[in-house]
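K.L.:
Predicted model and sequence follow; I will ask about them next.
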Amino acid sequence: MSSELHQAALDYHQGNRPGKLTVSSHKPLETREDLSLAYTPGVAAPVREIAKDASKVDLYTAKANLVAVISDGSAVLGLGNVGPLASKPVMEGKAVLFKKFADIDVFDIEVDTQDVEEFVQTVKNIAPTFGGINLEDISAPRCFEIERRLIAALDIPVFHDDQHGTAIIVAAGLLNALEIQGKDIASAKLVCLGAGSAGIATLNLLCELGLNKNNVLLVDSKGVVATHRPNLSEVKLQYATQSDKKTLVDAMKDADIFLGVAAANLVSKAMVKSMADKPIVFALSNPDPEISPTDAHSVRDDLIMATGRSDYPNQVNNVLGFPFIFRGALDAKAKEINIEMKIAAVHALKDLAKLEVPAEVLQAYNADTMSFGKEYIIPKPFDKRLIDVVPKAVFDAAISSGVANIMP
(Lines give C-alpha, C1' and ligand atoms only; values in the text may rest on other atoms or scores of the structure.)
Protein backbone atom coordinates (compact mmCIF):
# COMPACT_ATOMS: atom_id res chain seq x y z
CA MET A 1 0.00 0.00 0.00
CA SER A 2 1.36 3.42 -0.95
CA SER A 3 1.82 6.03 1.76
CA GLU A 4 -0.82 8.18 0.04
CA LEU A 5 -3.41 5.40 0.08
CA HIS A 6 -2.49 4.51 3.67
CA GLN A 7 -3.16 8.05 4.84
CA ALA A 8 -6.28 8.44 2.73
CA ALA A 9 -7.70 5.26 4.27
CA LEU A 10 -6.95 6.50 7.79
CA ASP A 11 -8.60 9.85 7.02
CA TYR A 12 -11.63 8.05 5.55
CA HIS A 13 -12.09 5.89 8.64
CA GLN A 14 -11.59 8.73 11.12
CA GLY A 15 -13.39 11.60 9.40
CA ASN A 16 -15.70 13.75 11.46
CA ARG A 17 -17.07 10.65 13.13
CA PRO A 18 -14.84 7.57 13.57
CA GLY A 19 -15.79 4.27 11.96
CA LYS A 20 -18.23 3.48 9.15
CA LEU A 21 -21.46 2.61 10.97
CA THR A 22 -24.28 4.26 12.85
CA VAL A 23 -27.42 2.83 14.43
CA SER A 24 -30.57 4.77 13.60
CA SER A 25 -34.31 4.36 14.10
CA HIS A 26 -36.79 4.23 11.22
CA LYS A 27 -39.81 4.82 13.47
CA PRO A 28 -40.91 8.28 14.67
CA LEU A 29 -39.89 9.39 18.15
CA GLU A 30 -41.01 13.00 18.36
CA THR A 31 -43.95 13.02 20.76
CA ARG A 32 -45.12 11.57 24.05
CA GLU A 33 -47.32 9.19 22.10
CA ASP A 34 -44.32 7.99 20.06
CA LEU A 35 -42.37 7.38 23.24
CA SER A 36 -45.22 5.40 24.76
CA LEU A 37 -45.30 3.17 21.67
CA ALA A 38 -41.55 2.75 21.26
CA TYR A 39 -40.95 1.95 24.90
CA THR A 40 -43.05 1.66 28.00
CA PRO A 41 -45.95 0.95 28.20
CA GLY A 42 -46.53 0.16 24.50
CA VAL A 43 -43.55 -2.10 24.01
CA ALA A 44 -45.21 -4.65 26.26
CA ALA A 45 -47.65 -5.47 23.45
CA PRO A 46 -45.10 -7.08 21.07
CA VAL A 47 -43.36 -8.68 24.06
CA ARG A 48 -46.60 -10.50 24.96
CA GLU A 49 -47.21 -11.55 21.37
CA ILE A 50 -43.69 -12.94 20.94
CA ALA A 51 -43.89 -14.72 24.30
CA LYS A 52 -47.02 -16.50 23.03
CA ASP A 53 -45.64 -17.20 19.53
CA ALA A 54 -41.89 -16.95 18.98
CA SER A 55 -42.28 -16.68 15.19
CA LYS A 56 -43.84 -13.23 15.65
CA VAL A 57 -40.40 -11.84 16.53
CA ASP A 58 -39.98 -11.32 12.78
CA LEU A 59 -43.13 -9.19 12.69
CA TYR A 60 -42.22 -6.86 15.52
CA THR A 61 -38.40 -6.63 15.59
CA ALA A 62 -35.46 -6.24 13.22
CA LYS A 63 -34.34 -9.85 13.65
CA ALA A 64 -35.42 -11.12 10.22
CA ASN A 65 -33.21 -8.60 8.41
CA LEU A 66 -30.31 -8.54 10.88
CA VAL A 67 -27.05 -10.42 10.36
CA ALA A 68 -24.15 -10.77 12.78
CA VAL A 69 -20.70 -10.40 11.19
CA ILE A 70 -18.52 -12.20 13.73
CA SER A 71 -14.74 -12.64 13.93
CA ASP A 72 -12.06 -13.55 16.40
CA GLY A 73 -9.43 -11.64 14.40
CA SER A 74 -7.31 -14.71 13.76
CA ALA A 75 -7.01 -14.44 9.96
CA VAL A 76 -7.73 -10.87 8.91
CA LEU A 77 -7.22 -10.18 5.20
CA GLY A 78 -3.58 -10.93 4.44
CA LEU A 79 -2.52 -9.49 7.80
CA GLY A 80 -2.84 -12.66 9.87
CA ASN A 81 -3.75 -12.99 13.53
CA VAL A 82 -4.18 -9.32 14.45
CA GLY A 83 -6.82 -9.96 17.11
CA PRO A 84 -10.43 -8.85 17.60
CA LEU A 85 -9.90 -5.09 17.98
CA ALA A 86 -7.82 -4.78 14.82
CA SER A 87 -10.42 -6.82 12.93
CA LYS A 88 -13.17 -4.31 13.67
CA PRO A 89 -12.58 -2.01 10.64
CA VAL A 90 -12.97 -5.04 8.36
CA MET A 91 -16.14 -6.20 10.09
CA GLU A 92 -17.58 -2.68 9.86
CA GLY A 93 -16.65 -2.70 6.19
CA LYS A 94 -18.50 -5.95 5.70
CA ALA A 95 -21.54 -4.40 7.36
CA VAL A 96 -21.44 -1.47 4.94
CA LEU A 97 -21.40 -3.85 1.97
CA PHE A 98 -24.35 -5.84 3.30
CA LYS A 99 -26.35 -2.63 3.59
CA LYS A 100 -25.27 -1.08 0.31
CA PHE A 101 -25.81 -4.09 -1.91
CA ALA A 102 -28.69 -5.97 -0.25
CA ASP A 103 -30.24 -3.61 2.36
CA ILE A 104 -29.36 -6.02 5.17
CA ASP A 105 -28.65 -4.59 8.61
CA VAL A 106 -25.58 -5.80 10.50
CA PHE A 107 -24.12 -5.77 13.97
CA ASP A 108 -20.39 -6.43 13.83
CA ILE A 109 -19.18 -8.53 16.75
CA GLU A 110 -15.54 -9.10 17.63
CA VAL A 111 -15.05 -11.99 20.05
CA ASP A 112 -12.04 -12.00 22.35
CA THR A 113 -11.28 -15.71 22.29
CA GLN A 114 -9.63 -18.12 19.87
CA ASP A 115 -10.78 -21.18 21.75
CA VAL A 116 -13.23 -23.13 19.59
CA GLU A 117 -15.52 -24.12 22.45
CA GLU A 118 -15.73 -20.60 23.88
CA PHE A 119 -16.30 -19.05 20.44
CA VAL A 120 -19.05 -21.51 19.52
CA GLN A 121 -20.80 -21.04 22.85
CA THR A 122 -20.61 -17.25 22.55
CA VAL A 123 -22.25 -17.29 19.13
CA LYS A 124 -24.91 -19.75 20.27
CA ASN A 125 -25.73 -17.50 23.22
CA ILE A 126 -26.26 -14.39 21.11
CA ALA A 127 -27.88 -16.10 18.12
CA PRO A 128 -31.50 -15.24 19.12
CA THR A 129 -30.75 -11.63 18.19
CA PHE A 130 -30.12 -12.42 14.53
CA GLY A 131 -31.62 -13.77 11.34
CA GLY A 132 -28.24 -15.03 10.14
CA ILE A 133 -24.59 -15.42 11.13
CA ASN A 134 -21.70 -14.43 8.84
CA LEU A 135 -18.43 -15.81 10.19
CA GLU A 136 -15.42 -13.85 9.03
CA ASP A 137 -11.62 -13.97 9.13
CA ILE A 138 -11.28 -17.06 11.34
CA SER A 139 -8.18 -19.16 10.78
CA ALA A 140 -8.16 -22.71 9.45
CA PRO A 141 -8.63 -25.43 10.51
CA ARG A 142 -10.61 -23.99 13.44
CA CYS A 143 -13.03 -22.29 11.07
CA PHE A 144 -14.25 -25.64 9.71
CA GLU A 145 -15.20 -27.00 13.11
CA ILE A 146 -16.72 -23.71 14.25
CA GLU A 147 -18.97 -23.46 11.23
CA ARG A 148 -19.94 -27.15 11.33
CA ARG A 149 -20.93 -26.98 14.99
CA LEU A 150 -22.89 -23.76 14.63
CA ILE A 151 -24.81 -25.03 11.60
CA ALA A 152 -25.78 -28.09 13.62
CA ALA A 153 -26.78 -26.06 16.68
CA LEU A 154 -28.69 -23.15 15.16
CA ASP A 155 -31.87 -22.82 13.09
CA ILE A 156 -30.67 -19.75 11.16
CA PRO A 157 -28.16 -19.53 8.28
CA VAL A 158 -24.50 -19.75 9.30
CA PHE A 159 -22.05 -18.90 6.52
CA HIS A 160 -18.27 -18.57 6.69
CA ASP A 161 -17.69 -16.18 3.81
CA ASP A 162 -13.95 -16.82 3.54
CA GLN A 163 -14.88 -20.40 2.70
CA HIS A 164 -18.09 -20.37 0.75
CA GLY A 165 -18.25 -16.82 -0.58
CA THR A 166 -14.88 -17.24 -2.23
CA ALA A 167 -15.82 -20.71 -3.46
CA ILE A 168 -19.04 -19.52 -5.11
CA ILE A 169 -17.42 -16.63 -6.99
CA VAL A 170 -14.47 -18.77 -8.08
CA ALA A 171 -16.80 -21.52 -9.28
CA ALA A 172 -18.94 -19.13 -11.32
CA GLY A 173 -15.90 -17.60 -13.00
CA LEU A 174 -14.18 -20.93 -13.50
CA LEU A 175 -17.17 -22.57 -15.18
CA ASN A 176 -17.29 -19.68 -17.64
CA ALA A 177 -13.53 -19.78 -18.19
CA LEU A 178 -13.69 -23.52 -18.92
CA GLU A 179 -16.45 -22.90 -21.44
CA ILE A 180 -14.45 -20.18 -23.20
CA GLN A 181 -11.33 -22.35 -23.26
CA GLY A 182 -13.26 -25.34 -24.56
CA LYS A 183 -12.48 -27.52 -21.54
CA ASP A 184 -14.57 -29.90 -19.44
CA ILE A 185 -14.58 -29.64 -15.65
CA ALA A 186 -14.75 -33.43 -15.36
CA SER A 187 -11.42 -33.93 -17.11
CA ALA A 188 -9.62 -30.70 -16.19
CA LYS A 189 -6.46 -30.97 -14.09
CA LEU A 190 -6.40 -28.44 -11.26
CA VAL A 191 -3.62 -27.26 -8.95
CA CYS A 192 -4.71 -25.49 -5.76
CA LEU A 193 -2.01 -23.57 -3.93
CA GLY A 194 -3.27 -22.95 -0.40
CA ALA A 195 -4.96 -25.44 1.92
CA GLY A 196 -6.77 -22.95 4.13
CA SER A 197 -10.47 -22.20 4.33
CA ALA A 198 -10.88 -20.70 0.86
CA GLY A 199 -8.89 -23.40 -0.93
CA ILE A 200 -10.61 -26.37 0.68
CA ALA A 201 -14.13 -24.91 0.37
CA THR A 202 -13.55 -24.08 -3.29
CA LEU A 203 -12.35 -27.60 -4.04
CA ASN A 204 -15.37 -29.03 -2.22
CA LEU A 205 -17.79 -26.92 -4.25
CA LEU A 206 -16.02 -27.59 -7.55
CA CYS A 207 -16.24 -31.33 -6.86
CA GLU A 208 -19.99 -30.91 -6.34
CA LEU A 209 -20.05 -29.25 -9.77
CA GLY A 210 -18.23 -32.10 -11.50
CA LEU A 211 -14.51 -31.69 -10.83
CA ASN A 212 -12.80 -35.07 -10.48
CA LYS A 213 -11.01 -35.23 -7.13
CA ASN A 214 -8.39 -37.49 -8.74
CA ASN A 215 -7.44 -34.59 -11.02
CA VAL A 216 -6.66 -32.26 -8.08
CA LEU A 217 -3.22 -31.53 -6.70
CA LEU A 218 -3.36 -29.59 -3.42
CA VAL A 219 -0.17 -27.74 -2.53
CA ASP A 220 0.64 -26.23 0.86
CA SER A 221 3.79 -24.67 2.31
CA LYS A 222 5.48 -28.09 2.41
CA GLY A 223 4.68 -29.02 -1.19
CA VAL A 224 2.16 -31.35 -2.78
CA VAL A 225 -0.23 -32.83 -0.22
CA ALA A 226 0.41 -36.57 -0.65
CA THR A 227 -0.83 -39.62 1.21
CA HIS A 228 2.67 -40.55 2.37
CA ARG A 229 3.13 -37.27 4.28
CA PRO A 230 2.80 -37.69 8.06
CA ASN A 231 0.43 -35.80 10.35
CA LEU A 232 -1.94 -34.51 7.67
CA SER A 233 -5.12 -32.97 9.01
CA GLU A 234 -8.44 -34.59 8.22
CA VAL A 235 -9.23 -31.61 5.97
CA LYS A 236 -6.09 -32.06 3.87
CA LEU A 237 -6.36 -35.84 3.76
CA GLN A 238 -9.48 -35.67 1.61
CA TYR A 239 -7.34 -34.18 -1.19
CA ALA A 240 -4.11 -36.06 -0.56
CA THR A 241 -2.73 -37.68 -3.71
CA GLN A 242 -0.63 -40.74 -4.46
CA SER A 243 1.18 -38.84 -7.22
CA ASP A 244 4.98 -38.71 -7.10
CA LYS A 245 4.89 -34.97 -7.74
CA LYS A 246 6.40 -33.12 -4.80
CA THR A 247 6.72 -29.40 -5.53
CA LEU A 248 4.59 -26.62 -7.01
CA VAL A 249 6.86 -26.70 -10.05
CA ASP A 250 6.04 -30.39 -10.53
CA ALA A 251 2.32 -29.84 -9.99
CA MET A 252 2.00 -26.98 -12.48
CA LYS A 253 3.33 -28.97 -15.44
CA ASP A 254 0.43 -29.73 -17.84
CA ALA A 255 -2.19 -28.38 -15.42
CA ASP A 256 -5.33 -26.87 -16.96
CA ILE A 257 -6.21 -24.72 -13.96
CA PHE A 258 -4.20 -22.95 -11.27
CA LEU A 259 -6.08 -21.73 -8.20
CA GLY A 260 -3.98 -19.60 -5.86
CA VAL A 261 -5.28 -18.71 -2.41
CA ALA A 262 -1.93 -18.53 -0.65
CA ALA A 263 0.50 -15.59 -0.84
CA ALA A 264 2.15 -13.20 -3.26
CA ASN A 265 4.75 -14.07 -5.88
CA LEU A 266 4.85 -17.85 -5.38
CA VAL A 267 4.30 -18.68 -9.06
CA SER A 268 6.95 -18.04 -11.70
CA LYS A 269 6.62 -17.35 -15.41
CA ALA A 270 8.20 -20.73 -16.07
CA MET A 271 5.46 -22.47 -14.07
CA VAL A 272 2.72 -20.78 -16.09
CA LYS A 273 4.57 -21.58 -19.31
CA SER A 274 4.61 -25.27 -18.34
CA MET A 275 0.81 -25.47 -18.03
CA ALA A 276 -1.41 -27.14 -20.63
CA ASP A 277 -2.76 -25.35 -23.68
CA LYS A 278 -5.36 -22.67 -22.96
CA PRO A 279 -4.70 -22.57 -19.21
CA ILE A 280 -6.79 -20.82 -16.56
CA VAL A 281 -5.00 -18.94 -13.77
CA PHE A 282 -6.88 -17.69 -10.72
CA ALA A 283 -4.21 -15.93 -8.63
CA LEU A 284 -6.29 -14.60 -5.77
CA SER A 285 -3.86 -13.58 -3.04
CA ASN A 286 -4.44 -9.98 -1.95
CA PRO A 287 -3.17 -7.36 -2.36
CA ASP A 288 -0.50 -9.00 -4.53
CA PRO A 289 -1.36 -12.19 -6.46
CA GLU A 290 0.70 -15.35 -6.71
CA ILE A 291 1.78 -14.09 -10.14
CA SER A 292 0.93 -10.75 -11.71
CA PRO A 293 -1.22 -10.66 -14.83
CA THR A 294 1.60 -8.84 -16.62
CA ASP A 295 4.03 -11.67 -15.95
CA ALA A 296 1.52 -14.40 -16.75
CA HIS A 297 0.43 -12.83 -20.03
CA SER A 298 4.06 -12.24 -21.01
CA VAL A 299 4.59 -16.00 -21.40
CA ARG A 300 1.10 -17.12 -22.48
CA ASP A 301 -1.23 -15.48 -24.95
CA ASP A 302 -3.82 -18.25 -24.62
CA LEU A 303 -4.65 -18.01 -20.92
CA ILE A 304 -7.57 -16.63 -18.96
CA MET A 305 -6.58 -14.93 -15.72
CA ALA A 306 -8.45 -13.73 -12.65
CA THR A 307 -7.18 -11.99 -9.52
CA GLY A 308 -8.66 -10.51 -6.38
CA ARG A 309 -7.83 -6.97 -7.50
CA SER A 310 -10.17 -4.37 -8.98
CA ASP A 311 -7.49 -2.90 -11.26
CA TYR A 312 -7.33 -6.03 -13.44
CA PRO A 313 -10.07 -7.84 -15.40
CA ASN A 314 -11.96 -10.72 -13.79
CA GLN A 315 -11.88 -9.65 -10.16
CA VAL A 316 -12.97 -12.44 -7.80
CA ASN A 317 -14.72 -10.33 -5.19
CA ASN A 318 -16.87 -11.83 -2.43
CA VAL A 319 -19.19 -8.84 -2.56
CA LEU A 320 -20.69 -10.56 -5.62
CA GLY A 321 -21.88 -13.28 -3.26
CA PHE A 322 -22.54 -12.79 0.42
CA PRO A 323 -25.02 -9.85 0.34
CA PHE A 324 -27.20 -11.53 -2.26
CA ILE A 325 -26.90 -15.03 -0.84
CA PHE A 326 -28.01 -13.79 2.58
CA ARG A 327 -30.78 -11.72 0.99
CA GLY A 328 -32.25 -14.84 -0.58
CA ALA A 329 -31.74 -16.92 2.57
CA LEU A 330 -33.32 -14.32 4.85
CA ASP A 331 -36.27 -13.78 2.52
CA ALA A 332 -36.88 -17.54 2.53
CA LYS A 333 -36.41 -17.67 6.32
CA ALA A 334 -34.03 -20.52 5.58
CA LYS A 335 -32.65 -22.51 8.49
CA GLU A 336 -29.33 -22.96 6.68
CA ILE A 337 -27.47 -22.13 3.47
CA ASN A 338 -27.14 -25.58 1.94
CA ILE A 339 -25.27 -26.89 -1.08
CA GLU A 340 -28.30 -26.46 -3.33
CA MET A 341 -28.44 -22.74 -2.49
CA LYS A 342 -24.70 -22.34 -3.09
CA ILE A 343 -24.90 -24.05 -6.48
CA ALA A 344 -27.90 -21.89 -7.40
CA ALA A 345 -25.82 -18.79 -6.64
CA VAL A 346 -22.98 -20.13 -8.80
CA HIS A 347 -25.22 -20.61 -11.81
CA ALA A 348 -26.97 -17.26 -11.33
CA LEU A 349 -23.61 -15.45 -11.36
CA LYS A 350 -22.29 -17.56 -14.22
CA ASP A 351 -25.30 -16.87 -16.42
CA LEU A 352 -25.46 -13.16 -15.59
CA ALA A 353 -21.97 -12.69 -17.04
CA LYS A 354 -23.27 -13.82 -20.42
CA LEU A 355 -25.91 -11.10 -20.67
CA GLU A 356 -25.42 -7.67 -22.21
CA VAL A 357 -23.60 -5.37 -19.78
CA PRO A 358 -25.70 -2.32 -18.74
CA ALA A 359 -24.50 1.18 -19.53
CA GLU A 360 -24.23 2.11 -15.84
CA VAL A 361 -21.74 -0.71 -15.28
CA LEU A 362 -19.63 0.49 -18.20
CA GLN A 363 -19.74 4.00 -16.75
CA ALA A 364 -18.76 2.80 -13.26
CA TYR A 365 -15.69 1.09 -14.71
CA ASN A 366 -14.92 3.79 -17.30
CA ALA A 367 -15.20 1.25 -20.12
CA ASP A 368 -16.52 1.68 -23.64
CA THR A 369 -17.45 -1.96 -24.01
CA MET A 370 -17.58 -5.12 -21.93
CA SER A 371 -18.83 -8.53 -22.99
CA PHE A 372 -18.55 -12.20 -22.11
CA GLY A 373 -15.07 -13.41 -22.95
CA LYS A 374 -11.55 -13.84 -21.65
CA GLU A 375 -11.57 -10.52 -19.78
CA TYR A 376 -15.15 -10.71 -18.54
CA ILE A 377 -16.02 -14.08 -17.00
CA ILE A 378 -17.87 -12.86 -13.88
CA PRO A 379 -20.22 -9.91 -13.30
CA LYS A 380 -19.11 -6.64 -11.74
CA PRO A 381 -20.18 -5.75 -8.18
CA PHE A 382 -22.01 -2.60 -9.32
CA ASP A 383 -24.29 -4.53 -11.69
CA LYS A 384 -27.73 -3.70 -10.31
CA ARG A 385 -29.16 -6.93 -11.73
CA LEU A 386 -27.35 -8.92 -9.04
CA ILE A 387 -29.98 -8.04 -6.42
CA ASP A 388 -32.73 -9.40 -8.67
CA VAL A 389 -30.99 -12.52 -9.99
CA VAL A 390 -28.92 -14.05 -7.18
CA PRO A 391 -31.34 -13.73 -4.22
CA LYS A 392 -34.16 -15.21 -6.31
CA ALA A 393 -32.00 -18.19 -7.29
CA VAL A 394 -31.02 -18.75 -3.64
CA PHE A 395 -34.61 -18.25 -2.45
CA ASP A 396 -35.96 -20.76 -4.99
CA ALA A 397 -33.29 -23.30 -4.04
CA ALA A 398 -34.14 -22.90 -0.35
CA ILE A 399 -37.79 -23.60 -1.14
CA SER A 400 -37.14 -26.59 -3.41
CA SER A 401 -34.58 -28.15 -1.05
CA GLY A 402 -36.88 -27.90 1.96
CA VAL A 403 -34.88 -25.57 4.22
CA ALA A 404 -37.18 -22.54 3.89
CA ASN A 405 -39.69 -21.65 6.58
CA ILE A 406 -42.18 -19.86 4.34
CA MET A 407 -44.49 -21.05 1.61
CA PRO A 408 -43.47 -20.32 -2.01
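P.N.:
Yep, that arrived. Nothing here was measured: the structure is a model prediction, and the numbers come from that model. Numbers count the residues shown, from 1 in each chain.
K.L.:
make it CA atoms for all contacts and neighbour counts henceforth
P.N.:
OK.
K.L.:
Count the residues that sit near the closest residue to residue 283 other than its chain neighbours.
P.N.:
Spatial nearest neighbour of residue 283, chain neighbours left out: residue 260 (4.6 Å); criterion: C-alpha to C-alpha, 6 or more residues apart in numbering. Using other C-alpha atoms under 10 Å, residue 260 has 26 other residues around it.
K.L.:
Please apply the same query to residue 366.
P.N.:
Counted with other C-alpha under 10 Å, the neighbours of residue 366 add up to 9.
K.L.:
so which helix or strand takes in it?
P.N.:
Per DSSP states H and E: residue 366 is located in neither a helix nor a strand.
K.L.:
List phi and psi for it.
P.N.:
Dihedral angles of residue 366 (phi, psi; degrees, to the nearest 10) stand at phi 50, psi 50.
K.L.:
With residue 111 as the reference, measure out to residue 21.
P.N.:
18 Å (C-alpha to C-alpha, to the nearest Å).
K.L.:
ok, those two, which is more surrounded?
P.N.:
Taking other C-alpha under 10 Å, residue 21 and residue 111 do not tie; residue 111 has more neighbours (18 against 14).
K.L.:
what residues are up against that one?
P.N.:
Listed by C-alpha atoms under 8 Å, 6 or more residues apart in numbering, the contact partners of residue 111 are 70-73, 84, 119.
K.L.:
For residue 250, grab the count of nearby residues.
P.N.:
Residue 250: 15 surrounding residues under other C-alpha under 10 Å.
K.L.:
end to end, how far does stretch 60-77 reach?
P.N.:
Using C-alpha to C-alpha, the end-to-end distance of stretch 60-77 comes to 37 Å.
K.L.:
Name the residues that touch it?
P.N.:
Against stretch 60-77 from outside (C-alpha under 8 Å, 6+ apart): 46, 57-58, 80-87, 90-91, 94-95, 104-114, 129-139, 286, 330, 333.
K.L.:
From those residues, which land in helices?
P.N.:
46, 57-58, 84-87, 90-91, 94-95, 330 (DSSP state H).
K.L.:
ok, which pair from those is furthest apart?
P.N.:
Greatest spacing in the ones in helices among the contacts of stretch 60-77, by C-alpha to C-alpha: 46 and 86 (37.9 Å).
K.L.:
coming back round to it: could you turn the buried ones of the contacts of stretch 60-77 into a ChimeraX selection?
P.N.:
The buried residues among those can be selected in ChimeraX (16 or more other C-alpha atoms under 10 Å) with this line:
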select :57,81,83,84,86,87,90,91,94,95,104,105,106,107,108,109,110,111,113,114,129,130,131,132,133,134,135,136,137,138,139,286,330,333
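K.L.:
all helices of the stretch 301-408 of the chain, in order?
P.N.:
322-331, 339-352, 359-364, 386-401 (DSSP state H, counting those that start in this stretch).
K.L.:
Which neighbouring elements make contact with the first one?
P.N.:
Which is helix 322-331. Judged by 3 or more C-alpha pairs under 8 Å, 6 or more residues apart in numbering; DSSP states H and E, helix 322-331 is in contact with helix 84-102, helix 386-401.
K.L.:
The longest one: how far from the chain's middle?
P.N.:
Centroid separation between helix 84-102 and its chain, computed with C-alpha atoms, centre = their mean, to the nearest Å, is 13 Å.
K.L.:
Kindly report the same for stretch 326-345.
P.N.:
That offset, for stretch 326-345, works out to 14 Å (C-alpha atoms, centre = their mean).
K.L.:
can you check stretch 25-36 too?
P.N.:
That offset, for stretch 25-36, works out to 39 Å (C-alpha atoms, centre = their mean).
K.L.:
low pLDDT regions in this structure?
P.N.:
Applying pLDDT under 70 to the chain flags residues 1, 407-408.
K.L.:
tell me, what residue is most central in it?
P.N.:
residue 165 (2.1 Å; C-alpha atoms, centre = their mean).
K.L.:
ok, residues contacting the longest helix anywhere in the chain?
P.N.:
The longest helix of the chain (DSSP H) is helix 161-181. For helix 161-181, contacts defined as C-alpha under 8 Å, 6+ apart pick out 134-137, 184-185, 197-203, 205-206, 278-280, 304, 314, 316-318, 320-322, 342-343, 345-347, 349-350, 373-374, 377-378.
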